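Visitor: Sequence plus the predicted model coming up.
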Amino acid sequence: MSVVPLRPGVQAEPSAHAKPVAMIEIDRVSQMFETSGRRSHLALSDISLSIEDGAFVSILGPSGCGKSTLLYIVGGFVMPTAGVAKVKGRAITGPGPDRGPVFQEFALFPWKNVLGNVMYGLRQQGVKRAEAEAQSRRLIEMVGLKGYESFYPKELSGGMKQRVAIARTLAYHPEVLLMDEPFGALDAHTRTRLQNDLLNIWERDRKTVLFVTHSVDEAVFLSDKVVVMTRSPGRIKEIVDIDLPRPRRRADLLLDPHYQKYVVDIEKLIDDVLEDELHP
Amino acid sequence: MNASQFGRRISPLLACIGLLCVWQAGALALKTDSFPTALEAIRAIPSILGDHESLLNILDSLRRMAIGFGLAALVSIPLGLMMGRIRAVASLCNPLLMIVYPVPKAALMPVIMLWLGVGDVSKTLVIFLGVSIPIIYHSFQGAKAVEEKMVWSGAAMGLSGFQRMFRIVLPAALPEILAGCRTGLVLALITMVTSEMIARQNGAGNILFNALDMAQYDTVFAMIIVIGALGIIFDAAFEKLRRALVRWSEPRFDMPLSFS
Ligand SMILES: Nc1ncnc2c1ncn2[C@@H]1O[C@H](COP(=O)(O)OP(=O)(O)OP(=O)(O)O)[C@@H](O)[C@H]1O
Ligand SMILES: [Mg+2]
């Protein structure tokens, strides 16, 4: 990865060892599922991917290619059937507050209202109620849900739930964000706004982000690297480095020929993936 | 309160009055000793509730019912939740429950009496057994249905296995658990009366069957009304509590199946 200077303190430190430890290291990971009917299904095959501290990496690929599964493995929710995934050099054995997932299905706590959901992680980490509440209210405002603090999940629309899910994870400051189509249920305007907000947060805190999306321009706009995957079995087809200057502004990028080239190239890659499936 | 709300409030009352009218008419038409009219039965209620001895008997029954129900909830909810989340617990307990489930708990009463006597312990144990099954079953179903990603979200926030069970699975399954408890509460009343029918010694059931032995049919029917009313009151009170606890899960428009 060539573009973004990482957190200077971290990057500049002269390391005694030649190679700095990546934030996330996925090493020849495969995932086999037993499906009903006693057949096994290879969801991921021999995936290797290294993500540096502070990098924003997007995963693109057709539905069912194992994007979510890969995220679950990094999250520690699923143990790979082969290979290892590491975070900061240590093999992942389970979930932890250093990696915050935003699930495709939101998975909000239905018995908690919006504020209660967003506060949950902070309270769990022992933050005092008043402080947790103040921080959570700021986040709720940021995701555009001010005034909905006392609503319960069943009273929210899909897009609103998604924003609560994002706020709930951002609240407890995980070093790594694992976001599974977090903007999928949003209208175009909210989506653009939240993309900008996410970029702002990321540029400020330099979290490492693993971001699953179906939108090519979202991936190019946000990412340092775009991983394109194939399906059945899920493999990495290509990793594209996005060499665009930051901070990025969507309005500027749209006319940028470099940006456009990335989008077109990746669209073509995905076309190839689908074409290969039809005519192997 | 608008008209439809008023109607919903008043309709259970109308149903009761209707039932009593049919009873009254039926009894008047049949004119047998063993079937007193509704009015005669209602007239016998004050003498039961006014009698110190009877009142103590009924309170004894209710105490056993409360202890049996409480203990059952205390044991069955955690057991059901663990069965729903931990495969080993489920495969251990499932066969056991499958055997226990269809056996009428009151049928165990003679054996239990043989071992534990005819006192409070036996009766409370039977109530406990009767109540446990629906609560275990519903807690199990509730825990099984908890969305995996909800539990994962908790794990990512650093909740331990125990905390996830207590602070994610339990509240998420609460609507289902309380549905089981509601069934359990009515079953507790039923088992309570049945146990006192078998181990005749004291209690509400005993009053009823003593009166039957002495051919005091108005007292028999008065007791049926009293026990029935207790059931309705408990159920309505529990339903109120349940709705307060799981308001977050209720669909917005629904017809409550209760008299509250
Ligand atoms: N628990 C499971 N048991 C069996 N098969 C599974 C399981 N989870 C996922 N799979 C299979 O693994 C493959 C990848 O699933 P995954 O959810 O990771 O896809 P995805 O890329 O996230 O798709 P989408 O874009 O639709 O969300 C699919 O073929 C799916 O059927
Ligand atoms: Mg997915």
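Guide: Alright, I've got the coordinates. Ligands and ions are numbered 1, 2, ... in the order given.
Visitor: separation between the nearest residue to B:P110 once chain neighbours are set aside and chain A?
Guide: Leaving aside its chain neighbours, B:P110 sits nearest to B:I198 (7.0 Å; criterion: Cβ to Cβ, 6 or more residues apart in numbering or on different chains). Bear in mind the C-beta positions are built from the backbone N, C-alpha and C, glycine included. Using Cβ to the nearest Cβ, to the nearest Å, B:I198 is found at 42 Å from chain A.
Visitor: Tell me which residues touch B:I198, please.
Guide: Taking Cβ atoms under 8 Å, 6 or more residues apart in numbering or on different chains, we find B:I198 in contact with B:A106, B:M109, B:P110, B:M113.
Visitor: In helices, which of these fall?
Guide: Residues from the contacts of B:I198 lying in helices, with DSSP state H as the criterion: B:M109, B:P110, B:M113.
Visitor: Narrow these to just the buried residues.
Guide: Using 16 or more other Cβ atoms under 10 Å in any protein chain shown as the burial test, the ones in helices among the contacts of B:I198 include B:M109, B:M113 as buried.
Visitor: Not counting sequence-adjacent ones, nearest residue to the closest residue to ligand 1 within the stretch 151-260 of chain B?
Guide: Nearest residue of the stretch 151-260 of chain B to ligand 1: B:W152, at 12.6 Å (Cβ to the nearest ligand atom). Leaving aside its sequence neighbours, B:W152 sits nearest to A:F77 (Cβ to Cβ, 6+ apart; 4.8 Å).
Visitor: residues near that neighbour, how many?
Guide: 23 (other Cβ atoms under 10 Å in any protein chain shown).
Visitor: B:L49 now?
Guide: 12.
Visitor: any idea of the pLDDT on it?
Guide: According to the prediction, B:L49 has pLDDT 90.
Visitor: separation between it and B:I227?
Guide: Using Cβ to Cβ, to the nearest Å, B:L49 is found at 12 Å from B:I227.
Visitor: ok, A:Q124 to chain B distance?
Guide: For A:Q124 relative to chain B (Cβ to the nearest Cβ), the value is 5 Å.
Visitor: er, A:L278 actually
Guide: Separation of A:L278 from chain B (Cβ to the nearest Cβ) stands at 33 Å.
Visitor: Would you enumerate the residues in contact with the residue in the stretch 1-150 of chain B that chain A sits nearest to?
Guide: At 3.6 Å from chain A, B:K149 is the closest residue in the stretch 1-150 of chain B, using Cβ to the nearest Cβ. Contacts for B:K149 (Cβ under 8 Å, 6+ apart) come out as A:F103, A:E105, A:A107.
Visitor: Hmm, the first one is touching B:S153, no?
Guide: Yes: checked against Cβ atoms under 8 Å, the pair A:F103 and B:S153 is within contact range at 7.1 Å.
Visitor: who does the residue most central in space within chain A bridge with?
Guide: The geometric centre of chain A, computed from its C-alpha atoms, lies nearest to A:F211 (Cα atoms, centre = their mean), at 2.5 Å. A:F211 has these beta-bridge partners by DSSP bridges: A:S58, A:M179.
Visitor: Wait, it touches A:L60, no?
Guide: No: judged on Cβ under 8 Å, A:F211 makes no contact with A:L60 at a distance of 9.7 Å.
Visitor: where in the chain is pLDDT low?
Guide: All of this is about chain A. Applying pLDDT under 70 to chain A picks out residues A:1-20.
Visitor: my bad, chain B
Guide: Counting by pLDDT under 70, chain B contains low-confidence ranges at B:1, B:251-260.
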